[in-house]
Structure formats: C-alpha cells, structure tokens
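Colleague: Got a predicted structure plus its sequence, pasted below:
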Amino acid sequence: MRISIVTIFPGLFERVFDYGMIRQARKRDLLQIDVVDLRDYAHDRHRTVDDRPFGGGDGMVLKPEPLHQALSHLGSAGPPPRKALLTPRGRTFDQSLAVEYSLLGHLVLVCGRYEGVDQRVADHMVDEEVSIGDYVLSGGEFAALTIVDAVSRLIPGVVSKSGSVLQDSFMDGLLDCPYYTRPAEYRGWKVPEVLLSGDHEAIENWRKREALRLTRERRPDLLKRK
Ligand code: SAH
C-alpha cells in the first residue's frame, strides 16, 4: 500500500515513520509513505501556498491551485488514489474506516493549516473529508499520523499473528480484554487466577467475559451499534 501525505511542513515527518510497526511495514515493502511538500507546487517567487480569506477575518487559508497541482500529480500514475481531506468537519475516523483504508492501493491525506483550506478543495478535489475527533488541531499533520498508524498495522501481512489484530478494541465492536504479564503477584496485586491455570478454554471464556464487561461499563454505545 502507498500513502501520500500533502503538507506544508514535510520536515515534521522526518523520523516519525522509523519506529515499530510502521518501520517493519516499510522495510518489508508492504507500505510506502511519501511526504509531498505543498510548496513544490507553488510557482511564484515566494512559493506562496496561502492567502487571506475573502470577506475578511484573521488567519490565512490554503490556496486551491497548489493543492490541485499536487493532487493531479499524485493521481497521474497508477490506479486513481483515494483522496481524503483532513478537517474537523469530516466524517469521524474509526476502526472500520481504518480497515477500509488498509485494503487500498493508494491513499492520499491532505493536511490543512491556519484557518483551513479553500472550500473548492473539499468540493472538487478530494473524495471525502475526515476528522480524527471533535477537537481542533493546528494542522492536519497529527491527524495524518494517527491515520497512518492505525491503518498500517491493519495492512495484510504487517502484524504476524493476524489474530492479535482481530482481538483489538473495536474490531468486533467490543473493547479488548485486560492483559497481564509476570510477575504473577506484585506488591500484593494478583493476576486473575484463571490466566495462570493453563486451561485455554477457561482463559478464552474469561477474556470474552471481560471484554463484554468492559464494553458494557465504559462504552455501552458500542453494544447498541452491533
Ligand atoms: N477553522 C477550522 C479549523 C482549522 S484547523 C475549523 O474550525 O473547522 C487547521 C487544520 O488542522 C485543518 O485544516 C485540518 O486540516 C486540521 N485539523 C484540525 N482539527 C482536525 C481534526 N479534528 N481532524 C482532522 N484534521 C484536523
């Protein structure tokens, strides 16, 4: 899979993909990430990518022309990419959209800055608008990172035991169960007996019960959606 990130701050991504699962996925060529500097598509002397909003007001707006050129360039070779504009107004990113994205050949994430991007980008140049939650970031870069992280671990072949991804929170509409490791007792805090029993069926049942209990307690909305 290929993910392209369009940004005015490419330097922000310099080492962030060199760790953990994303690094593994890239090393094994299951994931290719390219960071596109929006200023490379601005052709005036100052490489201008923003301008003042029509109608007045504080703050700047990303101009449509450099974004159009960058997106056309990204779509010019290979099958057409799926293009998502990051914006607090978008559809909320969740695990099911992460799964959908992980099956794509090419995903393009467009990062806004300042007051946002010219509305014509949303209306004519992308397939969808995506938000990572009901809060306002200063730029789309951290939203893009969140999406890359969530998507890359779902790309077929990235996580060796696909079962461990399937058990994650939200994959089956439930939160994940709690986990413990050695020591079995620490400062008098004990690991649940059943996990030490070696009885795989009992352990499986306990995990299912705990997942259900936690979901009921903390996210009853997830159960209603099932
Ligand atoms: N004036 C805009 C906010 C602009 S924030 C508004 O109130 O809707 C600047 C940029 O940060 C946006 O263009 C977007 O790309 C990014 N951004 C901010 N919050 C985001 C969120 N919750 N999800 C995804 N991107 C976000």
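Modeller: Here it is on my side, so go on.
Colleague: Distance from the chain centre to stretch 91-106, please.
Modeller: Remark: stretch 91-106 is offset 8 Å from the chain centroid, using CA atoms, centre = their mean, to the nearest Å.
Colleague: quick one: that stretch near the ligand?
Modeller: No: judged by CB under 6 Å from any ligand atom, stretch 91-106 and the ligand are separated, with a smallest distance of 7.7 Å. Where you see a C-beta, it was placed from the backbone N, CA and C, and this is true even at glycine.
Colleague: Please report how far residue 19 lies from residue 206.
Modeller: 33 Å (CB to CB, to the nearest Å).
Colleague: out of all of them, which helix in the protein is the longest?
Modeller: Using DSSP state H, we find that the single longest helix of the chain is helix 200-218.
Colleague: Output that one in CSV, but only the C-alpha positions, please.
Modeller: Taking Å, rounded to 0.1, in the frame of the first residue of the first chain, the C-alpha atoms of helix 200-218 are listed here in CSV:
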residue,chain,number,x,y,z
HIS,A,200,-7.2,-22.5,27.4
GLU,A,201,-10.9,-22.7,27.1
ALA,A,202,-11.4,-21.2,30.5
ILE,A,203,-9.0,-18.4,29.6
GLU,A,204,-10.8,-17.7,26.3
ASN,A,205,-14.1,-17.5,28.1
TRP,A,206,-12.7,-15.2,30.8
ARG,A,207,-11.3,-12.9,28.0
LYS,A,208,-14.6,-12.8,26.3
ARG,A,209,-16.5,-12.1,29.5
GLU,A,210,-14.1,-9.3,30.5
ALA,A,211,-14.3,-7.7,27.0
LEU,A,212,-18.1,-7.7,27.3
ARG,A,213,-18.0,-6.4,30.9
LEU,A,214,-15.6,-3.5,30.0
THR,A,215,-17.7,-2.6,26.9
ARG,A,216,-20.9,-2.6,28.9
GLU,A,217,-19.3,-0.5,31.6
ARG,A,218,-17.5,2.1,29.5
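Colleague: ok, and what's touching that helix?
Modeller: Here helix 200-218 makes contact (CB atoms under 8 Å, 6 or more residues apart in numbering) with 174-178, 192, 194-195, 197, 222-223.
Colleague: 6 Å instead, please
Modeller: Contact with helix 200-218 is made by 174-175, 177, 194, 222-223, as judged by CB atoms under 6 Å, 6 or more residues apart in numbering.
Colleague: Neighbour count for residue 19 and residue 206, which is higher?
Modeller: In this view residue 19 and residue 206 are compared by other CB atoms under 10 Å, and residue 206 has more residues nearby, 18 against 9.
Colleague: my guess is residue 30 meets residue 157, correct?
Modeller: Yes: counting by CB atoms under 6 Å, residue 157 is a contact partner of residue 30 at 5.4 Å.
Colleague: The two: which is more packed in?
Modeller: Just comparing residue 30 and residue 157: by other CB under 10 Å the higher neighbour count belongs to residue 30, 14 against 10.
Colleague: which parts of the chain sit against the ligand?
Modeller: 86-89, 111-113, 115-117, 131-133, 135-137, 139-140, 143.
Colleague: In strands, which of those fall?
Modeller: 86-89, 131 (DSSP state E).
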